[in-house]
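Colleague: Sequence and predicted structure below; questions after.
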Amino acid sequence: MIKKLVKHGNSSALIIDKPILDLLHIDENTSLDLSTDGVKLIITPLKISISSSILKDSLAKTNKIHSRTLKKLAK
């Protein structure tokens, strides 16, 4: 796939097609690492982080299941 940079303010932007973003599980909240080997531009998504709502749900579930054990450990 051949792409060209587009002007975005004082910078240039690379538009990545949605099917590629979906394939790599990248969205506008995904941090990307930009690097080069001197010839190629390498764009790598950083480790996928857990959203705060998923984390809260998991913690609530864990607290519900293990609340007695957690209270004993806290003493």
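Modeller: That came through, no problem. Numbering: from 1, shown residues only.
Colleague: Run through the chain and note the low-pLDDT ranges.
Modeller: Scanning the chain for pLDDT under 70 picks out 48-50.
Colleague: Quick one: the strands in it, in order.
Modeller: Ranges of strands within the chain are 6-8, 11-13, 32-36, 41-45, based on DSSP state E.
Colleague: Minimum distance to L24: which of the ones you listed has it?
Modeller: strand 41-45 (5.8 Å; C-beta to C-beta). Every C-beta, even on glycine, is put in place using the N, C-alpha and C of the backbone.
Colleague: Would you reformat the strands of the chain as TSV and include mean neighbour count and distance to K56?
Modeller: Output for the strands of the chain, formatted as TSV (neighbours: other C-beta atoms under 10 Å; distance: least, C-beta to C-beta, whole Å):
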stretch	mean neighbour count	distance to K56
strand 6-8	9	35
strand 11-13	9	34
strand 32-36	9	26
strand 41-45	11	23
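Colleague: Let me have these in JSON lines, extended by distance to L23.
Modeller: Below are those laid out as JSON lines (distance: least, C-beta to C-beta, whole Å):
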{"stretch": "strand 6-8", "distance to L23": "22"}
{"stretch": "strand 11-13", "distance to L23": "20"}
{"stretch": "strand 32-36", "distance to L23": "15"}
{"stretch": "strand 41-45", "distance to L23": "11"}
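Colleague: Quick check: which of these is nearest to S53?
Modeller: Using C-beta to C-beta, the nearest of the strands of the chain to S53 is strand 41-45, at 20.2 Å.
Colleague: Can you give the contact residues for the closest one?
Modeller: The list of residues contacting strand 41-45 from outside it, by C-beta atoms under 8 Å, 6 or more residues apart in numbering, reads L24, H25, I26, T30, S31, L32, D33, L34, S35, T36.
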